[in-house]
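>>> I'll drop the sequence and a predicted model, then ask my questions.
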Protein chains: 2
Amino acid sequence: MSRPRAKLTNKFPGCPVESTLSFIDGKWKGVILYHLMLEGTLRFNELRRRVPSVTQRMLTKQLRELEEAELLSRTVFAVVPPRVDYALTRRGESLRPVIMALKAWGDENVLCDGERMVLKPLESPPVSRSKFEPA
Amino acid sequence: MSRPRAKLTNKFPGCPVESTLSFIDGKWKGVILYHLMLEGTLRFNELRRRVPSVTQRMLTKQLRELEEAELLSRTVFAVVPPRVDYALTRRGESLRPVIMALKAWGDENVLCDGERMVLKPLESPPVSRSKFEPA
DNA sequence: ATGGACGGTATCCTTTTCGACACTATAGGC
DNA sequence: GCCTATAGTGTCGAAAAGGATACCGTCCAT
């Protein structure tokens, strides 16, 4: 959650959009929330395996910020080796429609295979074909 | 659209979430899209008035990035004083469910009035009340 | 002639973010 | 005695994002 963005959360309309973005902004928060929505509770290294490119340090940081935002809960078990569980809170769970909307748009519009991100061509353009023109 | 974020758009699942975020990330993109969704075509200074805290430079930058991402179109009229219209493309329009999901969550969960952003308390906790207990 | 509206650029600077790398502690297996 | 797994922390530096300020040219109204 970037402070400067939070600062502009003022009266102007459209603020709800920006403030919601400020919660899931941060390079890894979206994916983290997504995986927790798919799989429920996950441990630190389980998350790490699901998001291979995140570094340990960044994952920790993002998880801490999500915890501070009350979107997920962190449960430490006093065992060795250590065990820490991460799970969505009810508020985190309430983000499901948002995350799923993000995923749906990405699925429809972006090709994620290669090295870079590619926009898919738009499908079924909104042609209003004349009645007299054959399909 | 931040390049580093785009770089990580790799094969791992959850990528669609991140790549969609990369399109609307940038401190002002969410609001800009939101206003264009509400009001249709807007001119530069009309947008500026709707987002009072954005500087001219930043507004220009964000609009250029949105244009490059094919989410909005920029139409210059060769008149004086200059006139430039911004409108959603079809792809930009396709983000409507996403932006509206963001707005809905913000409306439900964040208080935007004062100087800072405040989480609203959760309402209607998921109590499973006994049949024998009166409401 | 002065100032404003319009839609920007150019320059400089600070803040924020992100990643690399090294380091920690403990228990169990070989 | 050494390696592994677990879940981190600390420090450093590069890069990106964002903000402040000044400037441009033309037309119109005062």
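Received, thanks.
>>> from now on I want contacts and neighbour counts done on CA atoms only, so please keep to that.
Fine.
>>> gap between the spatially most central residue of chain A and DNA strand C?
In chain A, the residue lying closest to the centroid (Cα atoms, centre = their mean) is residue A:30, at 1.6 Å. Counting by Cα to the nearest atom of the strand, to the nearest Å, the gap from residue A:30 to DNA strand C is 11 Å.
>>> and the pLDDT at that residue?
The pLDDT attached to residue A:30 in the predicted structure is 95.
>>> same thing with residue A:6?
The model reports residue A:6 with a pLDDT of 43.
>>> and residue A:109, by the same measure?
Taken from the predicted model, the pLDDT recorded for residue A:109 is 93.
>>> residue A:26 reaches residue A:62, doesn't it?
Yes - with contact defined as Cα atoms under 8 Å, residue A:26 counts as touching residue A:62 (7.2 Å).
>>> ok, then the element right after the helix or strand of chain A with the lowest mean pLDDT?
Scoring the helices and strands of chain A by mean pLDDT, DSSP states H and E places helix A:3-7 at the bottom, with a mean of 47. Proceeding N to C from helix A:3-7, the next assigned helix or strand is helix A:15-24, under DSSP states H and E.
>>> distance from the chain centre to that following helix, please.
For helix A:15-24, the separation from the chain centroid amounts to 12 Å (computed by Cα atoms, centre = their mean, to the nearest Å).
>>> ok, now stretch A:28-37?
The answer for stretch A:28-37 is 5 Å, by Cα atoms, centre = their mean.
>>> what helix or strand does residue A:33 sit in?
Once you assign secondary structure using DSSP H and E, residue A:33 falls within helix A:29-39.
>>> just checking, what packs against that helix?
Helix A:29-39 makes packing contacts with helix A:44-50, helix A:56-68, strand A:83-88, helix A:96-109, helix B:15-24 when contacts are defined by 3 or more Cα pairs under 8 Å, 6 or more residues apart in numbering or on different chains; DSSP states H and E.
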